[in-house]
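Visitor: Generate a structure from the sequence data that follows.
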Amino acid sequence: MDSGLGDTTLVGRRRERTLLEGSLERARSAAGGSAMVLRGDAGIGKTALLDWTAARAGQSGFTVLRAGGSEAEVGIAFGALHQVLGPLLEKTRALPQQQRAALERALGLRDGLPSGGFMVGASALALLAKETRRRPVLILVDDLHWVDSSSAAVFLFLHQRITDLRAVMVCSSRPDGPALDGWPAHPVDVEALSGEYSRALLRRWHPALAAATAQRVVDEAAGNPLALAELPGQLASEHRMGIVPLPERLPLGKRLEALFVRRLGPLPPDAARLLLLTALDGAGGALAEPGSGADRTEQVLGPIEAGGLARLDHAGRLVFRHPLVRSAVLASASPDQLRAAHRTLAERLHEDDPRRLLHEAAATEGPAEPLAARLQEAGTRIALRGGDAEGALLLDRAAALSADPEARARRLTWAAVMSARGGRLAYAARLVEELKRGPVPQDVAPLFAYAVVYVDQSHHVDFGSSFSLLPAALAALTAPGAPGAPVYGDLVEQMFFKLLLAATYTGDPRGWETLERHREHVSPAAQLCHRAWADPPRTAHGVEAELRATVARMAAQRETGHAWLLLWAAAAVDGAGPDLWRLFSGEHAYATQGSLAKARSHHAFLRGRWDAAEDCLREADTAEELGYHTNALLFRHYYAYFLAGRGDEQGLREVRERIEPAARAARMRFVTDHLDHLQALAALAHNRHEEAYARLRRMTTPGELPGELTWFHLPFFDFVAAALHCGRRAEALAHVAAARAARMAEISAHHAFLLAAATALVAGDDEVDAACATAYAVPGADRWVFDVARLRLAHGSRLRRLGRRAEADELLHAALRTFRELRAAPWAEQCRAALLAADGLPVATAAGADALTAQELRIARLVATGLTNKEVGAALHLSPRTVGAALYRIFPKLGITSRAALARALPAPPGHGPLRPGS
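Guide: Numbering: from 1, shown residues only. Okay, the predicted model is just below:
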């Protein structure tokens, strides 16, 4: 806990110190880098932990790079990054020209628009990598919650990739600060100090306190180090000595801020003004007015340092003892004083500096159209550079200074759109609600419709406005004489995409009809996306091949404009992958990161990387914190895939109970139908084939590939497997035939494999090897880890029944290894059961017998004794034909192919020994 005297010795914090020291040691010994976020309340000691870490690293030969977020500069792109990289800027000459230019443009050291966030992050990483080859590096970022979005995106980029460097990154943030867009939701929480450590810290700072006074301070401080440091200094001497009883209540929390306000009272006007300038400046205030001498500077600083309000850091900047001091300075200043300070700061900055505009806006009272126009221009320029969130802040301030109500509404509308695209969804929702309270100019009505839809889709989990607003908005924007790209940019494309999402998620025909009408008005990438989802069995042929070609062309030309459309097209055909991920170099807001994370979640399931399952839940928590409630729902829906694959029915039920009510309220068939399919998959894992078939039959008709089931291929293989196990071979054959007729294999590699695998399931005994070989030989088949293992299980089980034990065991062992790696226990159990079968006869399982109906079980038991169909029919008052049809369903349920196998496939009736033919 920093006492203000430069003391970096900590009291307590053993857990945090162990984590930090371990990180430093790993970097020091070249064992790898690490990154963490310290989270805690104001005054809890986060900065003290950073100071301690900096001291330890400095003693060990680290290069220490440090920055602090500032509420005053949260709208200045790359401001915090400049602080961190400042000591290394002379070394940018060693970078490749493209990386050097990207970094220098972002930091304002070179003219021209900065590159996208990825390029800046990659350049910063390259610069750090060069430094780590010389010595280990420690990066400290204080008050991450106040870091500008562009810098935060680069810090996040470094956070995710720093493990390969001799580097440590430690950031601090408040739990009640603004949400950190896309930042990992697993920080190290810095808790309040225990009573023992609080007393030890209080004794160090205030050794003369009376015992009763010290105990009261410890009780009231409740483990907050800042309160422990400050409260005793405000007590009268008789209180400190225990002569006079303490006041009934001591100020804490926000009351601690009031304590600093009182301390500001005796300051000379020049000192108070310097503190106010420092509070508003954010980068460390100038120590005196230009032209002032050293003596004058000392006179101003003396009372500030004596009062424990601020101090000079190692770079000679004036920094507050604690954020609450800054809050107190601002709270105690009058409106006139605030405006005057902002004017002073504005005059010190160059006319082109965005900070000057921010200060000018804060210094202005009442409407100021010329300044509003400049703010709008600057905000638009920043948004074009990829800084949508920062641009929205300037547009919002421009709106506040607008003299004309219509101009104000236009600027607020643009601010809402930029906020939504920049990942500040809650802010966008607030702006939309504000706009709804008044008329919106007709010329921005389409833009306003887009903002409403964006907020409704992402924040409110509501797709109603997509169908009530977007058709008219698209019609207005595509009508003859409508404003084009210079005014609205790619708004038609964005609206088309939003409507495609709504139609895909809900199946609402109004969406599909509107999309069909406007296909000619969008780019080839948007048309490809539409083809992929509109009616896949009939429209998606060749989509994956075209997608790969487009991705390769865009990568070669370093073009990224339509990458977000390609991501959604890839989701339809399971064609996403690293080549596509790399196209997102210019996007760093959560709106894009969330889409990438969803694609990666499903990609991990399909490719057998099931250790990533828990990432879905972490992403859901992050989305929830940021207000992206639809994303949170979808991440939990993707988590359900892993649960279903593992046969975890209890976990699947819990997820369903959590997300299904919201999905049904929003009519999200995309989610509710998926949940039905996943429950069927879990039932298959536990050999409950009739249940699985019944669920899947409600979704699809045998021999038909429904267009409204846009992801029809995912339950396709499961339907064929369930139908066969239930004795419905004709239905399975009809489904495979329909897929062949629809040229399903021409849609994507995954479609091709699933069709080939289903074809192998329905193949006759003399054709099964060739059919399975065809499936295994589908290009890229080994990518579909779970699907391939299931085919091997089915293939091996068939060969076992045919008496080809050696070949069967090889396949079953391979499937078993995969299921064990995936932790898919029920599927692994199916493999073990097949491997234990002797002489081609499977081990009887309760699950197999339980799948039989009561009548089927009676028929099976009688047939197992050696009776003919006619004899069984006579005993049960059934026709021989009915008995034969029942056996047709019984055999696949029990995993057998002959009447002779029935005796061993059925468990003995209660009180009887094993069934024997003729018994």
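
Visitor: Identify the residues contacting R13.
Guide: 45, 49, 190 (C-beta atoms under 8 Å, 6 or more residues apart in numbering). Just so you know, the C-beta spots here come from the backbone N, C-alpha and C atoms, and that holds for glycine as well.

Visitor: quick one, helices of the stretch 101-250 of the chain?
Guide: All helices of the stretch 101-250 of the chain, identified by DSSP state H, counting those that start in this stretch, fall at 117-132, 149-161, 195-205, 211-221, 225-230, 237-240.

Visitor: T865 is nearest to which of the ones you listed?
Guide: The stretch from these with the least distance to T865 (C-beta to C-beta) is helix 149-161; that distance is 66.0 Å.

Visitor: Run the angle between the closest one and helix 117-132 for me.
Guide: Here helix 149-161 points in a direction 60 degrees away from that of helix 117-132 (axes from the mean of the first three to the mean of the last three C-alpha atoms, to 10 degrees).

Visitor: Run through the neighbouring helices and strands of helix 149-161.
Guide: With contacts taken as 3 or more C-beta pairs under 8 Å, 6 or more residues apart in numbering; DSSP states H and E, helix 149-161 sits against helix 79-85, helix 117-132, strand 167-173, helix 388-400.

Visitor: quick one: which of the contacts of R13 is nearest L275?
Guide: Sorting those by distance to L275 puts G45 at the head of the list, at 23.3 Å, by C-beta to C-beta.

Visitor: how close does A555 get to W581?
Guide: In this structure, A555 and W581 are separated by 11 Å, where distance is defined by C-beta to C-beta, to the nearest Å.

Visitor: Contacts made by the helix or strand hosting F819 with the rest, please.
Guide: In this structure, F819 sits in helix 805-822 according to DSSP states H and E. When contacts are taken as C-beta under 8 Å, 6+ apart, the neighbours of helix 805-822 outside the stretch itself are 608, 610, 645-646, 785-786, 788-790, 792-793, 795-800, 825, 827-828, 831-832, 834-835, 840.

Visitor: what kind of secondary structure is D352 in?
Guide: Three states are possible here, and by DSSP: H, G, I helix; E, B strand; the rest coil the one that applies to D352 is coil.

Visitor: count of neighbours near it?
Guide: Burial measure for D352: 9 neighbouring residues, criterion other C-beta atoms under 10 Å.

Visitor: Drop anything exposed from the contacts of helix 805-822.
Guide: When these are checked for burial by 16 or more other C-beta atoms under 10 Å, the buried set is 608, 610, 645-646, 785-786, 788-790, 792-793, 795-800, 827-828, 831, 834-835, 840.

Visitor: So which of these belong to helices?
Guide: In helices, judged by DSSP state H, the following of these are found: 645, 785-786, 788-790, 792-793, 795-800, 827-828, 831, 834-835.

Visitor: quick one, strands of the stretch 651-800 of the chain?
Guide: Assignment of strands within the stretch 651-800 of the chain using DSSP state E, counting those that start in this stretch yields no ranges at all.

Visitor: so what's V170 bridging to?
Guide: Following DSSP bridges, V170 is listed with bridge partners M36, L140.

Visitor: ok, it - contacts?
Guide: Listed by C-beta under 8 Å, 6+ apart, the contact partners of V170 are 20, 23, 35-38, 49-50, 53, 138-141.

Visitor: Kindly indicate which of those residues lies nearest A777.
Guide: When these are compared for distance to A777 (C-beta to C-beta), A35 wins out at 43.9 Å.

Visitor: which ones are touching the closest one?
Guide: 158-159, 162-163, 168-171.

Visitor: now swap in V11 and tell me
Guide: Residues in contact with V11, defined by C-beta under 8 Å, 6+ apart, are 1, 193, 197, 200-201, 204.

Visitor: So it lies in a strand, does it not?
Guide: No. The assignment for V11 by three-state DSSP gives coil, which leaves it out of any strand.

Visitor: Can you report how many residues lie near R658?
Guide: Counted with other C-beta under 10 Å, R658 comes out at 14.

Visitor: out of everything not next to it in sequence, what's closest to it?
Guide: The shortest distance from R658 to any residue that is not its chain neighbour, by C-beta to C-beta, 6 or more residues apart in numbering, is 6.4 Å, and that residue is R636.

Visitor: wait, that neighbour sits on L617?
Guide: Yes. Applying C-beta atoms under 8 Å, one finds R636 in contact with L617, separated by 7.2 Å.

Visitor: neighbour-wise, which of the two wins?
Guide: With neighbours defined as other C-beta under 10 Å, R636 and L617 compare such that R636 has more, 21 against 16.

Visitor: Where does the more buried one fall, secondary structure wise?
Guide: In the assignment (DSSP H and E), R636 maps to helix 629-645.

Visitor: how much space between the closest residue to A222 other than its chain neighbours and H521?
Guide: Of all residues beyond its chain neighbours, the one nearest A222 is A192 (6.0 Å), with distances taken as C-beta to C-beta, 6+ apart. When C-beta to C-beta is the yardstick, A192 and H521 sit 59 Å from each other.

Visitor: Name all residues that make contact with the closest residue to F463 other than its chain neighbours.
Guide: Closest residue to F463 in three dimensions, ignoring its sequence neighbours and counting by C-beta to C-beta, 6+ apart: A502, at 4.4 Å. The neighbourhood of A502, defined by C-beta under 8 Å, 6+ apart, consists of 453, 457, 463, 466-467, 470, 508, 511.

Visitor: With respect to E691, which of those is nearest?
Guide: Checking the contacts of A502 one by one against E691 (C-beta to C-beta), the nearest turns out to be D508, at 30.0 Å.

Visitor: Please report how far the closest one lies from L634.
Guide: Between D508 and L634 the distance is 18 Å, computed by C-beta to C-beta.

Visitor: all strands of the stretch 201-350 of the chain, in order?
Guide: For the stretch 201-350 of the chain, strands defined by DSSP E, counting those that start in this stretch occupy the ranges 310-312, 318-320.

Visitor: could you dump those strands to a markdown table with distance to H562?
Guide: Supplementary listing: the strands of the stretch 201-350 of the chain in a markdown table, determined by distance: least, C-beta to C-beta, whole Å:
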| stretch | distance to H562 |
| --- | --- |
| strand 310-312 | 50 |
| strand 318-320 | 45 |
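
Visitor: so which of these comes closest to A67?
Guide: If we rank the strands of the stretch 201-350 of the chain by C-beta to C-beta, the stretch that ends up nearest is strand 318-320, at 12.1 Å.

Visitor: Tell me the helices and strands packed up against the closest one.
Guide: So strand 318-320, by 3+ C-beta pairs under 8 Å, 6+ apart, packs with helix 269-281, strand 310-312.

Visitor: hmm, try it at 7 Å
Guide: Using 3 or more C-beta pairs under 7 Å, 6 or more residues apart in numbering; DSSP states H and E as the contact criterion, the neighbours of strand 318-320 among helices and strands are strand 310-312.

Visitor: from the middle of its chain, how far away would the strand it packs on be?
Guide: 39 Å (C-alpha atoms, centre = their mean, to the nearest Å).

Visitor: List the contacts of that strand.
Guide: 4, 275, 278, 304-305, 318-321, 325 (C-beta atoms under 7 Å, 6 or more residues apart in numbering).

Visitor: circling back: need the helices of the stretch 101-250 of the chain in JSON lines (columns: mean neighbour count and mean pLDDT).
Guide: As requested, the helices of the stretch 101-250 of the chain are arranged in JSON lines below (neighbours: other C-beta atoms under 10 Å; pLDDT from 0 to 100):
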{"stretch": "helix 117-132", "mean neighbour count": "22", "mean pLDDT": "84"}
{"stretch": "helix 149-161", "mean neighbour count": "24", "mean pLDDT": "84"}
{"stretch": "helix 195-205", "mean neighbour count": "18", "mean pLDDT": "87"}
{"stretch": "helix 211-221", "mean neighbour count": "18", "mean pLDDT": "78"}
{"stretch": "helix 225-230", "mean neighbour count": "26", "mean pLDDT": "81"}
{"stretch": "helix 237-240", "mean neighbour count": "14", "mean pLDDT": "71"}
